[in-house]
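Enquirer: model the structure of this input:
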Amino acid sequence: MAWRIAVDPDESYKPWEEAFARTVGFARAFCSAVARRRESTKGKDTMPAYAIAHLQEAAPHPDIAEYIERIPATFEPYGGRFLVHFTQHEVKEGSWPGSVVVIGFPGITEARTWWDSPAYQEIAPLRSRHVQGDIVLVEGVPEGYDPAGSAKALRDALRSD
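Expert: Residues are numbered from 1 along each chain as shown. Model (predicted):
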């Protein structure tokens, strides 16, 4: 089904509407593929997950030092470990001021449980009071992942319009 958005009563279709419809179609196809993958692995995490922080520059503060000292004890019980921690990065496109921190987990369940844990929530203000940034939890891909399935979902969505 193609989406039609009327800009005014005399115009019922614009080229950008077709692009929007294709994007929606792709999103539906991709989400359907993800749902099928999750259904086939229900009850167990089979893909790694990551906590990724893009942190802005901040003035040194004793709270930040304490946070850095205490954070490993909060994620280690969930199988977490630092993969990237305040190392140099090289910007290839756009801008990326600040620093990057990546913590790896066995699965998204462990990552979420760590984030919500009383131990982490207790120390989080030591960072958040002094350092601005963005933090996401993201599910990785399984061993042997082949992006051809995502490309196929996109092509199928483009054909369905």
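Enquirer: pLDDT weak spots in this structure?
Expert: 1-45, 161 (pLDDT under 70).
Enquirer: centroid residue for it?
Expert: Nearest to the geometric centre of the chain sits residue 138, at 3.5 Å (Cα atoms, centre = their mean).
Enquirer: quick check: closest non-adjacent residue to it.
Expert: residue 50 (5.3 Å; Cβ to Cβ, 6 or more residues apart in numbering). Backbone N, C-alpha and C define where each C-beta goes, glycine included.
Enquirer: pretty sure the one you found sits against residue 106.
Expert: No - assessed by Cβ atoms under 8 Å, residue 50 is found out of contact with residue 106, at 11.0 Å.
Enquirer: which one of those two has more residues nearby?
Expert: The neighbour comparison of residue 50 against residue 106 (other Cβ atoms under 10 Å) goes to residue 50, with 18 against 15.
Enquirer: which strands and helices sit next to the helix or strand that contains that one?
Expert: Residue 50 belongs to strand 49-55 when elements are defined using DSSP states H and E. Other helices and strands packing on strand 49-55, by 3 or more Cβ pairs under 8 Å, 6 or more residues apart in numbering; DSSP states H and E, are strand 99-105, helix 108-116, strand 133-139.
Enquirer: parallel or antiparallel, which strands does that strand pair with?
Expert: Here strand 49-55 is paired, per DSSP bridges, with strand 99-105 (antiparallel), strand 133-139 (antiparallel).
Enquirer: what angle do the last one and helix 108-116 make?
Expert: It stands for strand 133-139. Angle of strand 133-139 versus helix 108-116, following axes from the mean of the first three to the mean of the last three Cα atoms, to 10 degrees, is 150 degrees.
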